[in-house]
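Trainee: requesting a structural model of the entry that follows:
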Amino acid sequence: MKLKNKIITVSLAILISACAVGPSDKYGRDKLATEDGRVCIKEKVVGSQIPKRVCGTPEEMAMLQKKSEELMRRMQRKPNGQVSQ
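Mentor: Now for the predicted structure:
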């Protein structure tokens, strides 16, 4: 009976901790605010299990987002994924 209670307790702890995730954007990146007003995101890097931390002002982050979306649009328009810089 004690083993059953321990298993239930551990299972509940795992379920609760899985729900305790910070806010993320539509791409699943965690957002962190710093004391000086900058915003940091943790991005997954292709080929690595370790996320990269990218920080900037909200304006810089919006410009980075816009550039990323434009690059994706250009990649989708070009044949074979070729992108001209």
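
Trainee: for this protein, just list every one of the strands.
Mentor: With DSSP state E as the criterion, the chain has strands at 30-33, 39-43, 52-56.

Trainee: redo the ones you listed as JSON lines? Include distance to N5.
Mentor: Placement of C-beta: from N, CA and C, glycine included. Shown next, in JSON lines, are these (distance: least, C-beta to C-beta, whole Å):
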{"stretch": "strand 30-33", "distance to N5": "34"}
{"stretch": "strand 39-43", "distance to N5": "36"}
{"stretch": "strand 52-56", "distance to N5": "40"}
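
Trainee: just say which of the ones you listed is most tucked in.
Mentor: Among these, strand 39-43 has the highest mean neighbour count (mean count of other C-beta atoms under 10 Å), at a mean of 16.

Trainee: before we move on, back to that, quick one: closest of the strands of the chain to S68.
Mentor: With distances scored as C-beta to C-beta, the stretch of these nearest to S68 is strand 39-43 (10.1 Å).

Trainee: could you pull up the mean pLDDT of the closest one?
Mentor: Taken as a whole, strand 39-43 has a mean pLDDT of 83.

Trainee: mind checking how far E43 is from K4?
Mentor: E43 sits 42 Å away from K4, going by C-beta to C-beta, to the nearest Å.

Trainee: that should have said R73, apologies.
Mentor: 55 Å.

Trainee: out of the strands of the chain, flag the one nearest K78.
Mentor: strand 39-43 (23.6 Å).

Trainee: by contact count, what packs against that closest one?
Mentor: strand 30-33, strand 52-56, helix 58-77 (3 or more C-beta pairs under 8 Å, 6 or more residues apart in numbering; DSSP states H and E).
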